[in-house]
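Q: return a 3D structure for these sequence lines:
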Amino acid sequence: MGKPSQHVSPSGSRWSLRRAGAAKASKTFETQAEAIAKGREVARKQRTILFIHGPDGRIRERDSYRAESGQPNG
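A: Here you go, the predicted structure:
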């Protein structure tokens, strides 16, 4: 089984980056764009999936970095 996925999701007036199954966020950010940038960096390094949630909490995008190239492959 691979490493746990990463999730960018709303956290009050901020955005959080959280490993799947973690009780607490790895880090919080002022903007969603900042959280996504860090999430992509972490997902690339860990070769896992990044789930991006919208303001309503629903998943709106998914990037997989499981391929050898480290590039998203949907």
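
Q: the strands in this protein, which residues?
A: Listed in chain order, the strands of the chain (DSSP state E) span 6-11, 14-19, 27-29, 49-53, 59-64.

Q: need the ones you listed in a markdown table with mean pLDDT, can you?
A: As requested, the strands of the chain are exported to a markdown table (pLDDT from 0 to 100):
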| stretch | mean pLDDT |
| --- | --- |
| strand 6-11 | 97 |
| strand 14-19 | 98 |
| strand 27-29 | 97 |
| strand 49-53 | 98 |
| strand 59-64 | 96 |
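
Q: adding mean neighbour count and distance to A37, write these out as CSV.
A: Every C-beta, even on glycine, is put in place using the N, C-alpha and C of the backbone. Listed next are the strands of the chain as CSV, based on neighbours: other Cβ atoms under 10 Å; distance: least, Cβ to Cβ, whole Å:
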stretch, mean neighbour count, distance to A37
strand 6-11, 21, 10
strand 14-19, 21, 10
strand 27-29, 17, 9
strand 49-53, 20, 11
strand 59-64, 14, 12
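
Q: now those as a markdown table including distance to V42?
A: Shown next, in a markdown table, are the strands of the chain (distance: least, Cβ to Cβ, whole Å):
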| stretch | distance to V42 |
| --- | --- |
| strand 6-11 | 5 |
| strand 14-19 | 7 |
| strand 27-29 | 9 |
| strand 49-53 | 8 |
| strand 59-64 | 11 |
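
Q: K38: which of those is closest?
A: strand 14-19 (5.6 Å; Cβ to Cβ).

Q: need the contact partners of that closest one.
A: With Cβ atoms under 8 Å, 6 or more residues apart in numbering as the test, strand 14-19 has contacts from 4-10, 24-32, 34-35, 38-39, 42.

Q: show me how far that strand is from its chain's centre.
A: 7 Å (Cα atoms, centre = their mean, to the nearest Å).

Q: cool, stretch 6-17 as well?
A: Stretch 6-17 sits 9 Å away from the centroid of its parent chain (Cα atoms, centre = their mean).
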